[in-house]
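Enquirer: Fold the following for me, if possible:
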Amino acid sequence: QVQLVESGGGLVQAGGSLRLSCAASGRSFSRYAMGWFRQFPGKEREFVADMSWSGGSTYYADSVKGRFTISRDNAKNTVFLQMNNLKPEDTAVYYCNVDSGPFRRHSDYQWSNYWGQGTQVTVSS
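Expert: Got it, this is the predicted structure:
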């Protein structure tokens, strides 16, 4: 059974940094794109960043460009999100996900129904 477990969230002051991790288990995801999403209270989950299966292609939401960096370690079935220069508006629960098909291009990504419990990020002003 596929499991995604996010960790690394916490409370940080504005301008600070956090590094989120998402450990995937159940099967290898080295052939699948992976991504990060976040959810604000009372809002729909939104896209943050994604990375192709090879790591050669990344995309970011405009709101995090230049501040967040996604990376992955296929040997460990893990994806990371380095978050720098955090702002209070980054406060949310962060989730990772995996593309439902292998070797896809960004335009063809279809995120799976596998969602972990998320990790809370709180940025104080």
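Enquirer: Keeping just the C-alphas, turn stretch 13-22 into CSV.
Expert: Extracted as CSV, the C-alpha positions of stretch 13-22 are listed here (Å, rounded to 0.1, in the frame of the first residue of the first chain):
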residue,chain,number,x,y,z
GLN,A,13,9.8,33.6,12.2
ALA,A,14,9.3,35.5,9.0
GLY,A,15,12.5,35.3,7.0
GLY,A,16,13.4,32.0,8.4
SER,A,17,13.8,28.6,6.7
LEU,A,18,12.4,25.1,6.9
ARG,A,19,13.1,21.9,5.0
LEU,A,20,10.2,19.6,4.5
SER,A,21,10.6,15.9,3.7
CYS,A,22,8.2,13.4,2.2
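Enquirer: where does this structure dip in pLDDT?
Expert: Applying pLDDT under 70 to the chain picks out no residues at all.
Enquirer: Break down it into its helices, ranges please.
Expert: Ranges of helices in the chain, per DSSP state H: none exist.
Enquirer: Just want the most central residue of it.
Expert: In the chain, the C-alpha nearest the mean C-alpha coordinate belongs to residue 36, at 2.1 Å (C-alpha atoms, centre = their mean).
Enquirer: Spit out the contact partners of the residue lying closest to that residue once chain neighbours are set aside.
Expert: Using C-beta to C-beta, 6 or more residues apart in numbering and skipping residues adjacent in sequence, the residue nearest residue 36 is residue 48, 4.3 Å away. All C-beta atoms are positioned from the backbone trio N, CA, C, and that covers glycine. Residues counted as contacts of residue 48 (C-beta atoms under 8 Å, 6 or more residues apart in numbering) are 35-38, 60-61, 64, 68, 81, 94.
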